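S.K.: here is a sequence with its predicted model. Questions after.
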Amino acid sequence: MPEEVKVSFSGLGSDEGLIDIHDLARALEGWRTFWQISAAMYHNRELSTKPCPQDICPQIRIRAFEKQSFDVIALVIVPLALMVTYDLAKVLWKWRRDLMKRHIDNKRQFFTREEALLALRLLARDYEIKAENTVEVIKAMDVIDDALLDLTEPIDRSAKKITIVSNHGDSPIYLSSTDRRALSSGYHVDPSLVSRGFEKCSVKFVRINTETGKSLIEFQNPQGLHQMGHEYSQIVDPNVRRPRNVYTRALYEGNPLEVWARMIRSDKSNDFVRWEISASLPPEDTPLFGGSQTAQ
């Protein structure tokens, strides 16, 4: 028997049976991403972004809408290769609910990223899920964060509250404005290491264009999904155009450089675009190459 999950939006326009299509699309994509990664973590017994094996990966289909409130009925169809008993389905629902609650509480309590990692690892241990690879745990934490931000996109725009109910779960999941605000907040950072959205990081340069300031960098101690591997960046320090500057010297010597870095996201989609970096903290939002905290 497939798991039947109802996602309900209530308050504001949703009470009239109407919801913004952008809000709905983001919410359903966030719900799907969270459901799939949480299931993969449980079945793989590993806190990571590793997907479920194809033969046991659940399918998720939308069945219908109901009246009264704007409800979405989803059927999670489990392949025959994965014999899920009712008891196992109940544990999986509890894991998802606890994972969501733990992540939101971490943000609400303004944990540092290190404290949040520890809290998720302790939760995973309770479910006999491995969390040994720090890079994978960081990736998983950021995927969860992005998924829940998408899921709560309609709150205070098209609805006041989101309720998720499963025929395999005893307790519904409720998401409100306070949860949305918590998810939108960042992790606590030492004030001496952050200023105006910039944070101190150590990076290695892969390449630099001294005319435009565009560069490819590699973070030495990655702390998030967009600090893994080679990342696009723009040096906003005018000194990058000068001969034998600190950036080109670090590139040619192959040494890491301590910089101030700020993530730039798209205005339209909120997707990651690039990093802005500078060896010294830039003046108040007046970068050489016209960068800003958001991009089109």
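M.R.: That came in fine, so what should we check first? Residues are numbered from 1 along each chain as shown.
S.K.: low-scoring pLDDT stretches of the stretch 1-150 of the chain, where are they?
M.R.: Confidence mapping of the stretch 1-150 of the chain against pLDDT under 70 gives the ranges 1, 62-86.
S.K.: quick one: the strands in it?
M.R.: Using DSSP state E, counting those that start in this stretch, the strands of the stretch 1-150 of the chain run over 3-10, 59-66, 70-77.
S.K.: what phi and what psi does the backbone show at Ala275?
M.R.: In this structure residue 275 is Trp, not Ala. phi -110, psi 140 (degrees, to the nearest 10).
S.K.: gap between the residue lying closest to it once chain neighbours are set aside and Leu216?
M.R.: Closest residue to Trp275 apart from its sequence neighbours, by CB to CB, 6 or more residues apart in numbering: Ser233 at 3.9 Å. Any C-beta I mention is one placed from the backbone N, CA and C, and that applies to glycine too. For Ser233, the distance to Leu216 equals 7 Å [CB to CB, to the nearest Å].
S.K.: quick one: which of the two has more around it?
M.R.: Each of Ser233 and Leu216 has its neighbours counted (other CB atoms under 10 Å); Ser233 has more, 25 against 15.
S.K.: quick check, the more buried one in a helix?
M.R.: No: with DSSP: H, G, I helix; E, B strand; the rest coil as the criterion, Ser233 is located in strand rather than a helix.
S.K.: mind pulling up the pLDDT for it?
M.R.: Predicted confidence (pLDDT) for Ser233: 89.
S.K.: relative to Ala250, how far out is it?
M.R.: 13 Å.
S.K.: same thing with Asp271?
M.R.: Computed as CB to CB, the Asp271 to Ala250 distance reads 28 Å.
S.K.: of those two, which one has the most company?
M.R.: Ala250 (19 against 9).
S.K.: which strands and helices lie in contact with the one helix or strand Thr248 maps to?
M.R.: Take DSSP states H and E as the rule and Thr248 turns out to sit in helix 246-253. Counting contacts by 3 or more CB pairs under 8 Å, 6 or more residues apart in numbering; DSSP states H and E, helix 246-253 is packed against strand 198-208, strand 257-266.
S.K.: got the residue ranges for the helices in this protein?
M.R.: Secondary structure of the chain (DSSP state H): helices located at 21-44, 86-108, 113-126, 134-151, 177-184, 246-253.
S.K.: list of residues touching the fifth one?
M.R.: Residues from elsewhere that reach helix 177-184 (CB atoms under 8 Å, 6 or more residues apart in numbering): 104-105, 107-108, 145, 148-149, 152, 155-156, 160.
S.K.: contact partners for Met141?
M.R.: 103, 116-117, 120.
S.K.: switch the cut-off to 10 Å
M.R.: Going by CB atoms under 10 Å, 6 or more residues apart in numbering, Met141 touches 47, 49, 103, 106, 113, 116-117, 119-120, 187, 224-225.
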